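Chemist: missing the sequence, but the structure's below:
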């Protein structure tokens, strides 16, 4: 059976990815920063007949990432899915956007957003690249956002989150070039849409199952000609 490793699988999109991949017959390594507090994920794993295995991993703790990679040494990971992300402490669930504005930015929070959204996926990819290269599908995917598109920025603001997703896209594009030529690994960045999760808030326009089903379809169709590009959940390409 193919194997997917998902970061940030304790809630939101990561949890829905774990649910849908398991239902499709995949083996799932579902990573969470605090597995003991991830009740919904634990319930999914308990009902999966061993298909979903929960692993502790904090993408901002490099020792934690390396330890997880060592525990999984020898496993072939078909899809490495970097789903863990944050909008920072300024997120308001009701509005779905950070409250921080120019002139009142929390730079400590900004740095934490960069650690989670940019450095985290790069470190995870570096730690697990051998596992991915060992697999049949050889895919590395990061959940980005349309707000990371410079061409699509017509509203300003969102400095930390927007900046982090633009940086994530740049990092993943470089990985697509380097890992594609050296190891045959396919890389993609995905915009999930505005989704009703704890991060997106209740006013968002998409349900998580719809968004995730679309992204899984994009991942399944990823080939060398599509690697290193930025895709919407519905398969449409986004500009940088």
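Modeler: Great, that's in hand. These numbers come from a predicted model, not from an experiment.
Chemist: going forward, measure contacts and count neighbours with C-alpha atoms only.
Modeler: Fine.
Chemist: ok, longest helix in this protein?
Modeler: Assignment by DSSP state H gives helix 159-183 as the longest helix of the chain.
Chemist: chain center to it: distance?
Modeler: 12 Å (CA atoms, centre = their mean, to the nearest Å).
Chemist: what does the next helix-or-strand element following that helix rub up against?
Modeler: Downstream of helix 159-183, the next assigned helix or strand under DSSP states H and E is strand 186-191. Here strand 186-191 makes contact (CA atoms under 8 Å, 6 or more residues apart in numbering) with 138-146, 169, 172-173, 175-176, 179-180, 215, 219, 222-224, 226-233.
Chemist: quick one: terminal-to-terminal distance for stretch 228-240?
Modeler: One end of stretch 228-240 to the other measures 11 Å (CA to CA, to the nearest Å).
Chemist: buried set for that stretch?
Modeler: Residues of stretch 228-240 classed as buried: 228, 229, 230, 231, 232, 233, 234, 235, 238 (neighbour count, 16 or more other CA atoms under 10 Å).
Chemist: re earlier: in strands, which of the contacts of strand 186-191 fall?
Modeler: If you go by DSSP state E, the contacts of strand 186-191 have 139, 140, 141, 142, 143, 229, 230, 231, 232 in strands.
Chemist: quick check: the farthest pair among the residues you listed?
Modeler: Spanning the widest gap among the ones in strands among the contacts of strand 186-191 are 139 and 232, at 16.9 Å by CA to CA.
Chemist: where does this structure have low pLDDT?
Modeler: 90-99 (pLDDT under 70).
Chemist: centroid residue for it?
Modeler: Closest residue to the average C-alpha location of the chain: residue 83 at 1.9 Å, with CA atoms, centre = their mean.
Chemist: ok, and what's touching stretch 106-126?
Modeler: 59-60, 62, 65, 80, 82, 84-89, 100, 140, 142, 160-161, 164-165, 167-168, 171-172.
Chemist: again but with stretch 71-86, I slipped
Modeler: Residues outside stretch 71-86 that contact it (CA under 8 Å, 6+ apart): 2-9, 13-14, 59, 113, 116-117, 121, 124-125, 128, 131-143, 161, 199.
Chemist: how near is the residue in the chain sticking out farthest from the centre to residue 183?
Modeler: Seen from the C-alpha centroid of the chain, the residue lying at the greatest distance (CA atoms, centre = their mean) is residue 103, 30.0 Å away. Relative to residue 183, residue 103 is positioned 45 Å away (CA to CA).
Chemist: can you pull out the strands in the chain?
Modeler: Applying DSSP E to the chain gives strands spanning 3-6, 27-32, 52-56, 79-82, 139-143, 186-191, 229-232.
Chemist: got CSV for those, with distance to residue 71 too?
Modeler: Formatted as CSV, those follow (distance: least, CA to CA, whole Å):
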stretch, distance to residue 71
strand 3-6, 13
strand 27-32, 12
strand 52-56, 9
strand 79-82, 16
strand 139-143, 19
strand 186-191, 24
strand 229-232, 31
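Chemist: so which of the ones you listed is nearest residue 155?
Modeler: strand 186-191 (17.6 Å).
Chemist: that closest one pairs with which strands, parallel or anti?
Modeler: Applying DSSP bridges, strand 186-191 is found paired with strand 139-143 (parallel), strand 229-232 (parallel).
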